[in-house]
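*Asks:* next come a sequence and a model predicted from it.
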Amino acid sequence: MTFSAFGGYRQNREQAQARVQDVDDPNQAYLNMEPHWGLIETIVQGTYEIRSKHRKYLPQEEREADSSYDVRLARSVLSPYFIRLERMLGGMITRKPVQLNDTPDAIREQLFDVDLSGNDLNIWTYEMSRKLLRYGHVGVLVDAPALESEDGRPYWVTYTPRDIIGWRTEKKDGKDVLTQLRLVERVLVEDGLYGTKEVTQVRVLTPGNFEIHRKGKNGKYTVEAQGTTSLDQIPFAVAYANKVGYLESRPPMSDIAELNLKHYQIQSDYDNMLHISAVPMLAIFGMPPSSEEISAGPGEAFAMPAEASMSYIEPGGSSFDAQQKRIDQLASQINELGLAAILGQKIAAETASSKAIDRSQSDATMLVVAQQVQDLIDNCLTFHAQYLGVEGGSCYVNRDFVASRLEPQEIGSLLQLYTAGTISKETLLTMLSQGEVLPDEFDVEEELAATEGALLDPSPVEVAEEPAEIEE
């Protein structure tokens, strides 16, 4: 069986047309985005997943035997460039903890387990940011079932575009407002006395109402549960990394995924050539063909005619260097795309000053992502507070993606400005905190309150004088 790469490419380019009739039917925007996810989702899952797709991502050569292809496929390994870059960029956003401003203690305490899965706000933000960079946008539902019970409380659930299959909006004050939202969920239910199984359900949300449609054994969906919510809107917040339209985006790292695939294919060819050429082939000249099979080994000898000769044939390997250079070039391109195209920043290494990040590029993807993540968390805090009937507060998400600790001379200059009365104590402490001189958990407001109370500069303690010695 042969595989036509061109035919497969042409078929993948066909535009799917949406026919939304059932609750699980995706809309047109979903179908427009879906072709961009397949390669990325495969690469994220690593070598075993890309091997399972075999000829889709590692084409079989013309006249290559199936057995030879299977051996080559089993030796092919996917280098984890994409997933490592995704982790690095997600970690840059949470390099410093998310700062909460004017957030009530009731909400702060619940954010230590923001998703009811044991993840605090910073870990949750890291995982959510990775999905945002992977797909192009994510949505977060702030749900609060059974608030009337003692254990009921709001929690945050992240949905990728793969799970957001349909929506309706209407314009209110010039802004798109959700009037219906369909989310695909996979939940575990009891199966028999001891087992569990995964079932698919679709959550349908409208302002103030919800429905749960669960898939049965016959493949049909039926309403499993329904009810009302205490909010008059759908508590769903969205963040974009590469926006195309409302709840529609494209993966910002798709080019890196394509380069990672190309690296996988060329590396497979290179390793296969090295394997074949590693064992020279024995060639015999001037010997008549024989029906007997000839074998060679350290404990064997040949009886040959006087005019016959034999020698080993091995490739010159002149093409190996070119392939190795191409592999190195692809690895370099992936790194450059990650640091330059994604970060939008250039880091040089000639001098200490050239190592600083150029923060003037406010349109860099990572800066946009950080702002989008901050807006999403602010909206989630608002929904969370509305459930509890309190004020929501706001947050600040890190934008210092690379360590930028203040130099000693810079600290000295700040102290001189403070001593001269040019800047206030609050400005000094804020700049020292942002310059990573003070620890991440340092609270400027608490420190100011403590110093104003003279807790750090207590009055000198009066020491009682020792009684004078009486001379006898």
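*Replies:* Looks like it came in fine.
*Asks:* any regions of the stretch 151-300 of the chain where pLDDT drops low?
*Replies:* Applying pLDDT under 70 to the stretch 151-300 of the chain flags the ranges 151, 275-283, 286-300.
*Asks:* mind jotting down where the helices sit in it?
*Replies:* 254-277 (DSSP state H, counting those that start in this stretch).
*Asks:* in the protein, which residue is closest to the centre?
*Replies:* By Cα atoms, centre = their mean, the chain has its centre lying nearest to R130, at 1.9 Å.
*Asks:* list the contacts of D113.
*Replies:* Going by Cβ atoms under 8 Å, 6 or more residues apart in numbering, D113 touches N119, D120, Y155. Heads up, the C-betas are built off the backbone N, CA and C, glycines and all.
*Asks:* recalculate using a threshold of 10 Å.
*Replies:* Counting by Cβ atoms under 10 Å, 6 or more residues apart in numbering, D113 makes contact with N119, D120, L121, W124, R153, Y155.
*Asks:* over to V77?
*Replies:* Neighbouring residues of V77 by Cβ under 10 Å, 6+ apart: G46, T47, I50, R51, Y264, Q267, S268, D271.
*Asks:* count the residues that sit near the residue lying closest to the last one once chain neighbours are set aside.
*Replies:* If I follow you right, that is D271. Nearest non-adjacent residue to D271, counting by Cβ to Cβ, 6 or more residues apart in numbering: R75, 5.8 Å away. R75 is flanked by 11 other residues according to other Cβ atoms under 10 Å.
*Asks:* isn't R75 right next to S268, touching?
*Replies:* Yes: taking Cβ atoms under 10 Å as the definition, R75 is a contact partner of S268 at 7.5 Å.
*Asks:* OK, contacts around the residue nearest to the centre of the chain?
*Replies:* Shown here is R130, whose contacts under the criterion Cβ under 10 Å, 6+ apart are V44, I83, E86, R87, L89, G90, G91, I93, V138.
*Asks:* measure the first one to E410 for me?
*Replies:* The spacing between V44 and E410, counted by Cβ to Cβ, to the nearest Å, is 41 Å.
*Asks:* and F302, what pLDDT?
*Replies:* Here the pLDDT value assigned to F302 is 65.
*Asks:* where does the residue nearest to the centre of the chain fall, phi/psi-wise?
*Replies:* R130 adopts backbone torsions of phi -60, psi -40, taken as degrees, to the nearest 10.
*Asks:* let's number from 13 now, not from 1
*Replies:* In the new count, where the first residue is 13, that last one comes out as R142.
*Asks:* quick one: the strands in the stretch 63-212 of the chain?
*Replies:* Remark: strands assigned in the stretch 63-212 of the chain by DSSP state E, counting those that start in this stretch are 111-113, 149-155, 167-171, 176-184, 187-203, 207-218.
*Asks:* go on, the stretch 213-362 of the chain?
*Replies:* Listed in chain order, the strands of the stretch 213-362 of the chain (DSSP E, counting those that start in this stretch) span 221-227, 233-240, 248-252, 255-257, 260-261, 293-297, 321-325.
*Asks:* let's have the ones you listed in JSON lines, adding mean neighbour count and distance to N113.
*Replies:* Output for the strands of the stretch 213-362 of the chain, formatted as JSON lines (neighbours: other Cβ atoms under 10 Å; distance: least, Cβ to Cβ, whole Å):
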{"stretch": "strand 221-227", "mean neighbour count": "17", "distance to N113": "31"}
{"stretch": "strand 233-240", "mean neighbour count": "12", "distance to N113": "32"}
{"stretch": "strand 248-252", "mean neighbour count": "22", "distance to N113": "18"}
{"stretch": "strand 255-257", "mean neighbour count": "14", "distance to N113": "26"}
{"stretch": "strand 260-261", "mean neighbour count": "20", "distance to N113": "28"}
{"stretch": "strand 293-297", "mean neighbour count": "12", "distance to N113": "72"}
{"stretch": "strand 321-325", "mean neighbour count": "11", "distance to N113": "74"}
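*Asks:* any chance of those in JSON lines, plus distance to R67?
*Replies:* Formatted as JSON lines, these follow (distance: least, Cβ to Cβ, whole Å):
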{"stretch": "strand 221-227", "distance to R67": "31"}
{"stretch": "strand 233-240", "distance to R67": "35"}
{"stretch": "strand 248-252", "distance to R67": "35"}
{"stretch": "strand 255-257", "distance to R67": "31"}
{"stretch": "strand 260-261", "distance to R67": "30"}
{"stretch": "strand 293-297", "distance to R67": "29"}
{"stretch": "strand 321-325", "distance to R67": "31"}
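*Asks:* and Q122, which of these is closest to it?
*Replies:* Between Q122 and the strands of the stretch 213-362 of the chain, the shortest gap by Cβ to Cβ is with strand 248-252, which sits at 16.5 Å.
*Asks:* restrict that closest one to CA atoms and write it as CSV.
*Replies:* The C-alpha trace of strand 248-252 is given here as CSV (Å, rounded to 0.1, in the frame of the first residue of the first chain):
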residue,chain,number,x,y,z
PHE,A,248,-17.6,32.7,30.9
ALA,A,249,-14.3,34.6,30.4
VAL,A,250,-12.0,34.4,27.4
ALA,A,251,-8.4,35.1,26.7
TYR,A,252,-6.8,35.2,23.2
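*Asks:* note down every partner strand of that strand and its orientation.
*Replies:* Partner strands and pairing direction for strand 248-252 (DSSP bridges) are strand 149-155 (antiparallel).
*Asks:* run the chain-centre distance for the partner strand.
*Replies:* Per Cα atoms, centre = their mean, to the nearest Å, the displacement of strand 149-155 from the mean C-alpha position of its chain is 16 Å.
*Asks:* strand 207-218 and that one, what's the angle between them?
*Replies:* 90 degrees (axes from the mean of the first three to the mean of the last three Cα atoms, to 10 degrees).
*Asks:* distance of L97 relative to A269?
*Replies:* Taking Cβ to Cβ, one finds L97 at 10 Å from A269.
*Asks:* more crowded one of those two?
*Replies:* A269 (25 against 21).
*Asks:* tell me the contacts of the more buried one?
*Replies:* 48-56, 93-94, 97-98, 146, 263, 346.
*Asks:* hey, where'd the helices end up in the stretch 363-484 of the chain?
*Replies:* For the stretch 363-484 of the chain, the helices defined by DSSP H, counting those that start in this stretch cover 377-400, 420-431, 437-446, 456-464.
*Asks:* what packs against the second one?
*Replies:* Helix 420-431 is packed against helix 437-446, with contacts defined by 3 or more Cβ pairs under 10 Å, 6 or more residues apart in numbering; DSSP states H and E.
*Asks:* output the helix it packs on as CSV, nothing but the C-alphas.
*Replies:* What follows is helix 437-446, C-alpha atoms only, in CSV (Å, rounded to 0.1, in the frame of the first residue of the first chain):
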residue,chain,number,x,y,z
LYS,A,437,9.5,55.2,50.6
GLU,A,438,6.6,53.5,48.8
THR,A,439,8.3,54.1,45.4
LEU,A,440,11.6,52.9,46.7
LEU,A,441,10.2,49.6,48.0
THR,A,442,8.1,49.1,44.9
MET,A,443,11.1,49.5,42.6
LEU,A,444,13.2,47.2,44.8
SER,A,445,10.5,44.6,44.7
GLN,A,446,10.1,44.8,40.9
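*Asks:* mind checking how far the residue lying closest to Q192 once chain neighbours are set aside is from Q238?
*Replies:* Excluding the flanking residues, the one nearest Q192 by Cβ to Cβ, 6+ apart is R180, at 4.1 Å. Noted for R180: a distance of 18 Å to Q238, by Cβ to Cβ.
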